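*Asks:* attaching a predicted model along with its sequence, questions to come.
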Amino acid sequence: MIRLSREADYGIVLLAQFACESERLTHSARKLSRETYLPFPMVSKVLKALTRQGFLVSQRGVKGGYSLARRPERITVAEIIGALEGPIAVTECTDTHSDCKHDSVCQLRPTWQKINAAVLLTLDKIALSDLIRTLPGQAGMQSGSPSDLVRLQ
């Protein structure tokens, strides 16, 4: 099973929330937690990671919070996943830092590399703005659950 980590999943949900509500420039972690129905400690952790990776800018103070560092059209799903999980690799041999002892003799390695390249290319073509286009009215997730926001199936 190929599955995103909870941190990457929540990161995509949170960034999509920012993109949906572009009229509000800064977002507090507590408010984002309420809007996305995600636990506050995890929201806080993910927002800090997204800030370290350059997706968000943080401002301290009473009117502080987080805001997007780039426009949603310039942020790809591949970038988000890569920043929160590391390199995208469907198998050990497609990871750039593979420790697989069978690399030199594996007959399936070239095929797995093609599959991995196709997955990476697809995720790299999907911008944050593309994810929110499918949302009803792009009004955020006030009426749904986090899993309603992003469906990459």
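*Replies:* Yes, it's here. Note that the structure is a prediction, hence the values are computed from the model and not measured. Numbering: from 1, shown residues only.

*Asks:* got any ranges where the protein has weak pLDDT?
*Replies:* 1, 22-24, 95-98, 134-153 (pLDDT under 70).

*Asks:* for it, list the residue farthest from the centre, please.
*Replies:* Val105 (34.6 Å; CA atoms, centre = their mean).

*Asks:* that one should be in a strand, yeah?
*Replies:* No - applying DSSP: H, G, I helix; E, B strand; the rest coil, one finds Val105 to be coil, outside a strand.

*Asks:* and for Thr94, the neighbour number?
*Replies:* As a burial measure, Thr94 scores 20 neighbours (other CB atoms under 10 Å). Every C-beta, even on glycine, is put in place using the N, C-alpha and C of the backbone.

*Asks:* next, the contact list for the closest residue to it other than its chain neighbours, please.
*Replies:* In space, and not counting its chain neighbours, Thr94 is closest to Asn116: 3.7 Å by CB to CB, 6 or more residues apart in numbering. Contacts for Asn116 were tallied using CB atoms under 8 Å, 6 or more residues apart in numbering; they are 88-91, 94.
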